[in-house]
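> The sequence and its predicted three-dimensional model are supplied below.
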Amino acid sequence: MTQSESADNREETKPSRKFFGGSVAVAAGILASRLAGLIRQSVFAYYFGNTSAADVFNAAFRIPNLLQNLFGEGALSASFIPVYARLRAEGKKEEAREVAWAVACVLAFATSLLVLVGVLATPLLIDLIAPGFTGERREETIRLVQLFFPGAGLLVLSAWCLGVLNSHRFFFLSYVAPVVWSGAIVVSLLLAGGANEGYRLAEWAAWGSVAGSFLQVVVQLPKVLRLVGSPRGGFGISLPPVRQVLRNFLPVSVSRGVVQISAYVDQIIASFLPVGAVAALAYAQVLYTLPVSLFGMSISAAELPEMSSAVGSPDEVNNALRQRLAKGLGRIAFFVVPSVAAMGLLGDMLAAFLFQRGRFGHEDALYVWVILMGSCVGLLAATFARLYASVFFALGDTRSPLRYAVIRVALTIALGYLFALQAPRLLGFDPRLGTVGLTFSAGIAGWIEYFYLRRGLEAKIGPTGIRKGGLKPIWFCALLSAGIGLGTKIASQSLAAHHPFLQSSLVIAAYGVAYLAFTHLFSLPEALEVSGRIKRLLGRG
């Protein structure tokens, strides 16, 4: 046994790992990362509001964000982890190590080429990012995209670290690493915000993003090297498992990254809307992608290596997958349903809590709330779909999710164009409300993708879904809690003008406490599971 294998085995059997389950570790890491991201967006809103510079930064920012989600949370994790985890489960640890280094070699080469081409071709690619931008907005977007590209390349290498760590069930580090990335952007804004503004300050933030990307790799690399050891001999690119990873990479990148692709399409369409639409959409996306990332991703990421390691007869494997899927869907619903209720009925309070300060005012918060209302349509479907896709990947089927993802993207484009650009003009609405059409149309497309994913999977493993009657009590508790939140909002209306943060804090706290109380009153298993984990964390269980 090599030194790295010995260390690996020792660390995977630590008592804390039994105590701190996989999905909880992922959720904790993502929660820390998303909280840091919310702080980053809050600081950004303070300095930029819904200005032209905010539009330009968010449009250019889509490049590293899209690549990070496609390669890190999408293609690499779902194509690499099933192969790597299965080799380890079969005891082929040396072959698994060769596969890991071969994938790293391919990524390093592809990333270098991607960055070089991206920097040189940005003026030609800009119409794929923000075709509606002209004049100074277009030139500044080109400048920022060129600054972002090196950081995007580093984030792709960070994705390899994530794949290795997740396969070894070290979930927390890989998902908490983006905290340093957000921190670097915040520091750059705080350092430069006093003497700079507008496009100049946006360039400072872009340099902060590049520095943060480098730090995100650095914090993961030592642990990864201890797990896989140093490369010995060739990189084994011709190995069949490596070819399988590379063969699955493209279809998985589309199917796994469909949420980000849809958001990217939304931004392109939003670039044709009035000034402030791209920035407002970006603020709203921070909120409505949070449940998908925090709950859908955490559960899917933890389940993927477990599902991929399932062994036995076909019936035994299918039964195990159905059970894990049903439990995962219940956990997702417990958190996402109240998120939908909060965004639809209390979205102005969420926007005020996070963003309403500095150049971001009350009208901006209301605008973000209206956008959130449209996003509520498909939020639950998008989160469920992520877990269903993970089951397909665990079964080695990457083509089916790809087909359904292509349908979703095509619908997002067609419906987005109709509802965002044409409907407001035909109905005589404010053109800025086209952003609502974007999120609404994406929700419709999300439900259609979920329908096909579920139908396709049931043809493989049998009937699936959440436990019988599982959604009704969750919806009842969420809506009842939202009513209490609305009551708190009305009672604290005197705070709205001068203390929006205080008012929104009271409303959100009342809603959250009420939801936890009601779900415990109805003895929902997910609520009891959450309280049990909290008690164990506090040493009372």
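Cool, the structure landed. Residues are numbered from 1 along each chain as shown.
> C-alpha only now, for contacts and for neighbours.
OK.
> Distance check, Gln146 against Arg40.
21 Å (Cα to Cα, to the nearest Å).
> Just the buried residues of stretch 31-44, please?
Going by neighbour count (16 or more other Cα atoms under 10 Å), the buried part of stretch 31-44 is 31-34, 36-44.
> go on, stretch 521-531?
524, 526-528.
> what's next to that stretch, contact-wise?
330-331, 334, 473, 516, 519-520 (Cα atoms under 8 Å, 6 or more residues apart in numbering).
> which one of those is nearest Glu98?
Arg331 (35.9 Å; Cα to Cα).
> Tell me which helix or strand the closest one sits in.
helix 314-355 (DSSP states H and E).
> now that helix: mean pLDDT?
Across helix 314-355, pLDDT averages out at 91.
> ok now it, how far from the chain's centre?
Centroid separation for helix 314-355 versus its chain: 13 Å, with Cα atoms, centre = their mean, to the nearest Å.
> so what's Leu411 up against?
441-442, 445.
> OK, contacts around the residue nearest the centre of the chain?
Centroid-nearest residue in the chain: Ser293, 3.6 Å away (criterion: Cα atoms, centre = their mean). When contacts are counted by Cα under 8 Å, 6+ apart, Ser293 touches Ile30.
> cool, Arg40 as well?
182-183, 185-186.
> Please repeat the previous calculation with a cut-off of 6 Å.
The contact partners of Arg40, by Cα atoms under 6 Å, 6 or more residues apart in numbering, come to 182, 186.
> Remind me which helix or strand it belongs to.
Using DSSP H and E, Arg40 falls in helix 22-48.
> ok now stretch 301-313, how far from the chain's centre?
That offset, for stretch 301-313, works out to 22 Å (Cα atoms, centre = their mean).
> what residues go with each domain of this protein?
Structural domains assigned to the chain are 1-249, 257-476, following automatic domain parsing.
> Redo the ones you listed as a markdown table? Include distance to Gln493.
Below are these laid out as a markdown table (distance: least, Cα to Cα, whole Å):
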| stretch | distance to Gln493 |
| --- | --- |
| domain 1-249 | 23 |
| domain 257-476 | 11 |
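> Compare the mean pLDDT across those and name the weakest.
domain 1-249 (a mean of 78).
> quick one: Val368 from Ser375, how far?
According to Cα to Cα, Val368 stands 11 Å off from Ser375.
> quick one, the helix holding Arg40 and helix 314-355 angle?
30 degrees (axes from the mean of the first three to the mean of the last three Cα atoms, to 10 degrees).
> From the chain's centroid, how far away is helix 22-48?
11 Å.
> how about the nearest residue to Tyr175, chain neighbours excluded?
Among residues not flanking Tyr175 along the chain, Gly29 sits closest, at 4.7 Å (Cα to Cα, 6 or more residues apart in numbering).
> ditto for Trp181
Per Cα to Cα, 6+ apart, closest to Trp181 is Gly212, 3.7 Å.
> Report the separation between the one you found and Asp266.
When Gly212 is compared with Asp266 (using Cα to Cα), they lie 26 Å apart.
> quick one, helices of the stretch 351-500 of the chain?
With DSSP state H, counting those that start in this stretch as the criterion, the stretch 351-500 of the chain has helices at 362-375, 379-394, 399-416, 423-427, 434-461, 471-491, 500-521.
> Next, format those as CSV and append distance to Gly135.
Formatted as CSV, these follow (distance: least, Cα to Cα, whole Å):
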stretch, distance to Gly135
helix 362-375, 25
helix 379-394, 36
helix 399-416, 25
helix 423-427, 25
helix 434-461, 23
helix 471-491, 43
helix 500-521, 37
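> which of the ones you listed is buried the deepest?
Highest mean neighbour count among these (mean count of other Cα atoms under 10 Å): helix 379-394, with a mean of 25.
> From the chain's centroid, how far away is it?
Distance, centroid of helix 379-394 to centroid of chain: 13 Å (Cα atoms, centre = their mean).
> That helix to helix 314-355, inter-axis angle?
Put simply, helix 379-394 runs at 140 degrees to helix 314-355, going by the same axes, to 10 degrees.
> what packs against helix 379-394?
Judged by 3 or more Cα pairs under 6 Å, 6 or more residues apart in numbering; DSSP states H and E, helix 379-394 is in contact with helix 298-308, helix 434-461.
> try 7 Å this time
Applying 3 or more Cα pairs under 7 Å, 6 or more residues apart in numbering; DSSP states H and E, we find helix 379-394 packed against helix 298-308, helix 314-355, helix 434-461.
> And the contacts of that helix?
Under the contact criterion Cα atoms under 7 Å, 6 or more residues apart in numbering, helix 379-394 has outside partners 78, 82, 292, 296, 300, 304, 307-308, 329, 336-337, 340, 398, 401, 443, 446-447, 450, 453-454.
> what do you get if the cut-off is 6 Å, keeping everything else the same?
Contacts of helix 379-394 from elsewhere in the structure, counted by Cα under 6 Å, 6+ apart, are 292, 296, 300, 304, 307-308, 446-447, 450.
> can you put those residues in a markdown table and add distance to Trp160?
What follows is those, written out as a markdown table (distance: Cα to Cα, whole Å):
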| residue | distance to Trp160 |
| --- | --- |
| Val292 | 22 |
| Gly296 | 21 |
| Ser300 | 18 |
| Leu304 | 16 |
| Met307 | 20 |
| Ser308 | 18 |
| Gly446 | 28 |
| Trp447 | 31 |
| Tyr450 | 28 |
